[in-house]
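Peer 1: Provided below are the primary sequence and the corresponding predicted coordinates.
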Amino acid sequence: MAERNIQTLVCGECKSKNYHYQAGKKRADKTKVEVSKYCRPCKKHTPHKEAKS
Ligand SMILES: [Zn+2]
């Protein structure tokens, strides 16, 4: 099994899984990732959060 830590970014408004990224070496458990990304379903920028795996 690959030890890649793939995270998913979910739109905060429509819950679409729009983005994937590979997490770094360290994982800060208490740090919530929130990034403003363009969401196609919403047709605008929305705050995207890291999905729980
Ligand atoms: Zn959206």
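Peer 2: The structure has been received and is ready for your questions.
Peer 1: would you mind listing the buried residues in stretch 44-51?
Peer 2: The neighbour-count check on stretch 44-51 (16 or more other CB atoms under 10 Å) flags Thr46, His48, Lys49, Glu50 as buried. All C-beta atoms are positioned from the backbone trio N, CA, C, and that covers glycine.
Peer 1: quick check, pLDDT for the third one.
Peer 2: On pLDDT, Lys49 comes in at 93.
Peer 1: from Lys43, how far out is it?
Peer 2: 19 Å (CB to CB, to the nearest Å).
Peer 1: so which bits of the protein are right by the ion?
Peer 2: Within reach of the ion by CB under 5 Å from the ion, the chain has these residues: Cys11, Glu13, Cys14, Ser16, Cys39, Pro41, Cys42.
Peer 1: what subset of the residues you listed is buried?
Peer 2: By 16+ other CB under 10 Å, the residues of the chain next to the ion give Cys11, Cys39 as buried.
Peer 1: in CSV: the residues of the chain next to the ion, plus pLDDT.
Peer 2: Converted to CSV, those look like this (pLDDT from 0 to 100):
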residue, pLDDT
Cys11, 97
Glu13, 97
Cys14, 97
Ser16, 96
Cys39, 97
Pro41, 97
Cys42, 98
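Peer 1: of the residues of the chain next to the ion, which belong to strands?
Peer 2: Cys11, Cys39 (DSSP state E).
Peer 1: just the ones of the residues of the chain next to the ion in helices?
Peer 2: Among the residues of the chain next to the ion, no member falls in helices (DSSP state H).
Peer 1: out of the residues of the chain next to the ion, flag the one nearest to Val33.
Peer 2: Cys11 (13.4 Å; CB to CB).
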